[in-house]
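1. got a structure for you, letters missing:
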């Protein structure tokens, strides 16, 4: 079990990565100063697969444990579910000294974190992320949110957890497509900050795809370290943190254009990265061989749903609604070399649009 | 026009108090660095009385101004209204660089502040409080919230405004009962921190009740200074800030027992203060003459709705639900002398309950 610390300006918390931490979570949390029982927020799928391990560990320390289950899937990350969580909390007489344990993937973490941020003006929460994507990305950095009809994550907060416990063993129950989706976020971390991580991925991809714990632990730690370091510098995403959005601006647009059903988040990010790599190459920023090398790694992770049927209009509309998009002054994270990202302002709308038209038309080359 | 600063650990903002600041708000805000038009959140009553002054001032600097109107009254401070605010913001294409101007009393400030705290994970907001209560209390300190069916302010955040502009002139349109309600919060500030403010109130109450601007300015500044200083020491209400709850624990219970209709907030606080003064005297903490003197000041402000019809059970139930109430270990703010409050833990439930029974039965003495 390895611990890395997220050092924010006025908050510091541990990310614990390792095999078997789930079964030890009760003892660990008690040692971390959580001496009363948490309110667990999870979903039926996660509870069926790993609930017994968690609850047993918590019960041995805290006695009876309350669990609030929410629907499994992004479409449940909304205010209706949030109200159900609040209701459930009141039902078990939660108060200002209660705390939440978010046990699940990104949806559970985001909405449980936002419930923690807002219940009685904020109570502590701990994350036990159960997907690769949430272990390397959404559980770190304190971005919590719900979706509204106008878009994803448009209502939320920056609210940091008190601890994150990532057990690599739980990842073995992930569907292949889910694991691949998370891997694309790991690739992103390497692409923007760490060519050693990219090399590791290139070498160990077969072991990783077979869920070998040692290799999973290595990449979870490496990606979490990168994200934690970036977040420590720029908690509220006013500068450096934007580089974590590499592939995400265009990726989100694909995700929205596919109605959040066609693509998993990581798959959309994969397409977003491929597009931005191509764009970075086209504008002469990135060498062709480097772009090709990273695109190859992305493609080795697994097949991506096709984007050839997606209309340019729907992508463009989604881009124009992106909350990170400055109107008239398009800002994107581009790659200068493998492991080195930079934020570019003033990208011309017409040229980006023309690029995207050509990219979609030629996307079969990357399928 | 006088300015006092709220100095928080990593945020500092001005409270500007003075006659005519509303008509100058556009220029002032532009000078403070707000160079784009705000989204104004207000209600029909405030807009009818003072909307023209505000909008004219803003338009002269920013051009066209978007206004989102919400229902007037505490019963609108809920998630349904919050969703309407978000919708209105999306309709005018609000983004991360938008900012909110909350123009109204406590309800507008609380819900507009919570919308600002959560819209795209937080955008800036400025308060122009239009009631005495909101000028001296709810606009200061960054407590924002909405009500849920389980109780008031149970979902919210600590989220500080960028500036507060308090125009004493707008107070002249307040209904008498509304003004009196705000005065009770001013008395509370004096009671816990400042005997000079209490003496000023005793001397100038007639002028204040006639809405004379000079006297209103004096008490708004004095009360705002007290609250700002307390909040600067304890932003998240973990210690000292609790003294601001003098009269509020019991007051909230009266408010809830009256179904939030019978009493205005300040009236309930007035009853709460009278009860706690009596209790402080009864337990031998506060001298009888001092208790009597403060009760007399409270009563001079105006008539209070009777509490004699309120059942002890409904009050006790509300007390037990108070988010500041520790179960089994009752904590209350008591008065040691006029201008000096202290937090007491370990108040015995049975003795408090017995006191409240007698207090309600004998309440006609304070009517």
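-> Happy to help now that I have it. All values reported here derive from a predicted model rather than from experimental measurement.
2. Pull out the buried residues from stretch A:252-260.
-> By neighbour count on 16 or more other C-beta atoms under 10 Å in any protein chain shown, the buried set for stretch A:252-260 is A:252, A:253, A:254, A:255, A:256, A:257, A:258, A:260. Placement of C-beta: from N, CA and C, glycine included.
3. repeat for stretch A:16-23
-> A:16, A:17, A:18, A:21, A:22, A:23.
4. Widest-spaced pair of those?
-> The most widely separated members of the buried residues of stretch A:16-23 are A:17 and A:23, with 14.6 Å between them, by C-beta to C-beta.
5. Spell out which parts of the stretch 151-300 of chain A neighbour chain B.
-> The stretch 151-300 of chain A comes close to chain B at residues A:153, A:154, A:155, A:156, A:157, A:158, A:236, as judged by C-beta under 8 Å from any C-beta of the partner chain.
6. now do 7 Å
-> A:154, A:155, A:156, A:157, A:158 (C-beta under 7 Å from any C-beta of the partner chain).
7. Nearest spatial neighbour of residue A:314, chain-adjacent residues omitted?
-> Spatially, and ignoring its direct neighbours in sequence, residue A:314 is nearest to residue A:257 (4.0 Å; C-beta to C-beta, 6 or more residues apart in numbering or on different chains).
8. circling back to that earlier point, I'd like to know which of the buried residues of stretch A:252-260 are part of helices.
-> A:252, A:253, A:254, A:255, A:256, A:257 (DSSP state H).
9. Tell me how far the third one lies from residue A:315.
-> When you say that, I think you mean residue A:254. Distance of residue A:254 to residue A:315, computed by C-beta to C-beta, to the nearest Å: 7 Å.
10. for residue A:130, same thing?
-> 31 Å.
11. Settle it for me: which of those two has more neighbours?
-> residue A:130 (30 against 24; other C-beta atoms under 10 Å in any protein chain shown).
12. Do you have the strands of chain A handy? List them.
-> In chain A, the segments counted as strands under DSSP state E are A:2-8, A:11-17, A:39-42, A:66-69, A:100-104, A:125-129, A:143-148, A:151-158, A:163-166, A:330-337, A:340-347.
13. buried residues in the last one?
-> Under the neighbour-count criterion of 16+ other C-beta under 10 Å, strand A:340-347 has A:341, A:344 buried.
14. now swap in stretch A:224-231 and tell me
-> Across stretch A:224-231, burial judged by 16+ other C-beta under 10 Å covers A:224, A:225, A:226, A:227, A:228, A:230, A:231.
15. same question, stretch A:56-76
-> Quick answer for stretch A:56-76 (16+ other C-beta under 10 Å): A:57-58, A:61-62, A:65-72, A:74, A:76.
16. Tell me which of these fall in helices.
-> Per DSSP H, the subset of those in helices is A:57, A:58, A:61, A:62.
17. Of the residues you listed, which is the nearest to residue A:184?
-> Distances from residue A:184 to these, taken by C-beta to C-beta, are shortest for residue A:57, at 31.1 Å.
18. Help me confirm that the closest one comes into contact with residue A:24.
-> Yes. Residue A:57 is within contact range of residue A:24, at 6.4 Å (criterion: C-beta atoms under 7 Å).
19. Please tell me how far stretch A:177-196 is from the chain's geometric centre.
-> 11 Å (C-alpha atoms, centre = their mean, to the nearest Å).
20. mean confidence score for that stretch?
-> Mean pLDDT, stretch A:177-196: 97.
21. Any buried residues in it, and which?
-> For stretch A:177-196, by 16+ other C-beta under 10 Å, it's A:178-194.
22. one step back: what's the most distant pair in the buried residues of stretch A:252-260?
-> A:253 and A:260 (11.7 Å).
23. gap between the residue lying closest to residue A:84 once chain neighbours are set aside and residue A:93?
-> Nearest non-adjacent residue to residue A:84, counting by C-beta to C-beta, 6+ apart: residue A:70, 6.7 Å away. Using C-beta to C-beta, residue A:70 is found at 20 Å from residue A:93.
24. Identify the residues contacting residue A:215.
-> Listed by C-beta atoms under 7 Å, 6 or more residues apart in numbering or on different chains, the contact partners of residue A:215 are A:204, A:207, A:208.
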